[in-house]
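Engineer: Next input, structure requested:
(2 chains)
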Amino acid sequence: MSKDIKKGALGLEQDSPAERFFNGLIAENPTLVLMIGMCPTLAVTSSATNGLGMGLATTFVLALSNAVISALRKIIPATVRIPSFIVVIASFVTLVQLLMQAYVPTLNKALGVYIPLIVVNCIIFGRAEAYASKHGIVPSFFDGVGMGIGFTCAITVIGLFRELIGAGTAFNVPVLGPDTVITGIVGRYLSKYQSVSIFVQQAGAFFVLAFLIAAMNKMKSNVAKKEAEKQ
Amino acid sequence: MREFFGMIKNAFILFIITLVAGALLGLVYQVTKDPIAYQDMLAQNKANQSVFSDAITFNDIRWDEDILEDVYDELAVKGVRLQGVKQALDLNGDLLGYVIQMKTKGYGDSIIFTVGITNGGKMNGISIISIAETPGLGMNAEKIIAPQFAGKNAVQFSVVKSGQLSDSGSQIEAISGATITSKAITDGVDVANAYFEKALKKGARQ
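Structural biologist: This is a model prediction of the structure:
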């Protein structure tokens, strides 16, 4: 590797597709590190399925709007960039909604409630402003994919914990409590579980998010310590 | 002067972007209009069928405005509107009962659902056509609230907190954390049942 190649996340080449992907997934995870897009994170994570649905819908819009904004970055004047981004993002969201209603009604029934929320998701807006408006189409697209998958993973995990503690289910499958699907001696212990319903209500989102951010910070500080010892 | 032209140029570019986006959306709307209408029709048929599985055809009939107004006044429920009444007919064209479509105000948006009531005054159940409540709470209405009506007599229901059910014939157990949604659907069912009792039931004024 020659010296003038800048290194990005995980020591990968800066702005390469893989670097952008892992940057969004881990190094600059939008939910757990950058802490943007908190509204959907707190509002729709009452179950793992909800988190996954919101995450995937956001990823789709994020990757495409990033690519289009990047393609238009030389045309859009700096002074009117904000309204221009909003027009592009809102158009994509409406487009996705119409297409889903027409051709995949089952998916629309599952994800339909989240689609309008994507317009006001500041991850999309943040990436358009901070990355796509300054970089090429390919890295911008992968930046969107990475950020989207990072967001999806984070909110699915939050949803999973909330659902498990608050309702005793994981992806709607009963795991804890009297209806547990696990049999045998383990199942008998699990069936004694009493669910804590505050976790599926709004306050539970804050508890779980706080613990996950703490875990992420601990992990990152351990990695940083090891790096420092190496040098 | 130069600044002025710069501003006009920026505004023009923004205008072009908006115009292109608008045109594209218009195009997609045109293309998807018919498929969406078709999907809505399928959803409507499914909602009719699922509350009256033994019926073959559904005939729209006109509802009696006066009786309906009386029902609204009597029950004094807010945001509930009757949207349609259909006769459910079997293969021989015999009347099995009615499908009543209700629209009621939920916590988020309107909730639209059908209620199937047999001639004998029993509810076959309710089927939700559109709902946009809080995921994980009100959105569970389909799973938690809807099944509670199936097979019950078409009477007036009251909503009780979850776990406090004492009379399943006239009480509906609310979704914990989503009382407004539970109440909205139950109010809608109450209006449908009251209208059935007054206008549609055999022996009632036709």
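
Engineer: mind showing which ranges of the chain have poor pLDDT?
Structural biologist: Using chain A. For chain A, the stretches flagged by pLDDT under 70 are A:1-5, A:9-10, A:110.

Engineer: not quite, I wanted chain B
Structural biologist: Along chain B, segments meeting pLDDT under 70 span B:135-136, B:203-206.

Engineer: what does it have sitting close to chain A?
Structural biologist: B:9-11, B:13-14, B:17-18, B:21, B:24-25, B:28-29, B:31-32, B:35-36, B:39, B:42-43, B:108, B:132-137, B:139, B:176-177 (C-beta under 8 Å from any C-beta of the partner chain). No exception for glycine: its C-beta is placed from N, CA and C like everyone else's.

Engineer: In chain B, mark out all the helices, start to finish.
Structural biologist: B:2-51, B:65-75, B:141-144, B:146-149, B:179-195 (DSSP state H).

Engineer: In the second one, which residues are buried?
Structural biologist: Buried residues in helix B:65-75, counting neighbours by 16 or more other C-beta atoms under 10 Å in any protein chain shown, are found at B:67, B:68, B:71, B:72, B:75.

Engineer: tell me the angle of that helix relative to helix B:179-195?
Structural biologist: On the basis of axes from the mean of the first three to the mean of the last three C-alpha atoms, to 10 degrees, helix B:65-75 is oriented at 130 degrees to helix B:179-195.

Engineer: Now do helix B:65-75: which elements does it pack against?
Structural biologist: Applying 3 or more C-beta pairs under 8 Å, 6 or more residues apart in numbering or on different chains; DSSP states H and E, one finds that helix B:65-75 makes contact with helix B:179-195.

Engineer: Could you list every helix and strand in contact with the helix it packs on?
Structural biologist: Short answer (3+ C-beta pairs under 8 Å, 6+ apart): helix B:179-195 packs on helix B:65-75, strand B:81-89, strand B:95-105, strand B:110-118, strand B:123-130, helix B:141-144, strand B:158-160.

Engineer: Please save the CA atoms from the fifth one in PDB.
Structural biologist: As requested, C-alpha coordinates have been extracted for strand B:123-130 and formatted as PDB (Å, rounded to 0.1, in the frame of the first residue of the first chain):
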ATOM      1  CA  MET B 123     -71.000 -11.100  15.300                       C
ATOM      2  CA  ASN B 124     -68.800 -13.100  13.000                       C
ATOM      3  CA  GLY B 125     -66.000 -10.800  13.800                       C
ATOM      4  CA  ILE B 126     -64.300  -7.600  12.700                       C
ATOM      5  CA  SER B 127     -61.600  -7.200  10.100                       C
ATOM      6  CA  ILE B 128     -59.300  -4.100  10.000                       C
ATOM      7  CA  ILE B 129     -58.800  -2.500   6.600                       C
ATOM      8  CA  SER B 130     -56.500   0.300   7.500                       C
END
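
Engineer: Describe which strands it pairs with in its sheet and in which direction.
Structural biologist: strand B:110-118 (antiparallel) (DSSP bridges).

Engineer: Dump the partner strand to PDB, keeping only the CA atoms.
Structural biologist: Extracted in PDB, the C-alpha atoms of strand B:110-118 (Å, rounded to 0.1, in the frame of the first residue of the first chain):
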ATOM      1  CA  SER B 110     -58.400   6.900  11.300                       C
ATOM      2  CA  ILE B 111     -59.100   3.200  11.700                       C
ATOM      3  CA  ILE B 112     -61.300   1.600   9.100                       C
ATOM      4  CA  PHE B 113     -62.800  -1.900   9.700                       C
ATOM      5  CA  THR B 114     -65.700  -4.100   8.800                       C
ATOM      6  CA  VAL B 115     -68.100  -5.800  11.200                       C
ATOM      7  CA  GLY B 116     -70.000  -8.900  10.100                       C
ATOM      8  CA  ILE B 117     -73.300  -9.500  11.800                       C
ATOM      9  CA  THR B 118     -75.500 -12.500  11.100                       C
END
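
Engineer: Check the offset of that strand from the chain's centre.
Structural biologist: 6 Å (C-alpha atoms, centre = their mean, to the nearest Å).

Engineer: One more: stretch B:59-76?
Structural biologist: 16 Å.

Engineer: what about stretch B:71-83, how long is it end to end?
Structural biologist: 14 Å (C-alpha to C-alpha, to the nearest Å).

Engineer: Can you tell me what sits against it?
Structural biologist: With C-beta atoms under 8 Å, 6 or more residues apart in numbering or on different chains as the contact definition, stretch B:71-83 has outside contacts at B:63, B:68, B:100-105, B:112, B:156, B:184, B:187-188, B:190-192, B:194-195, B:198.
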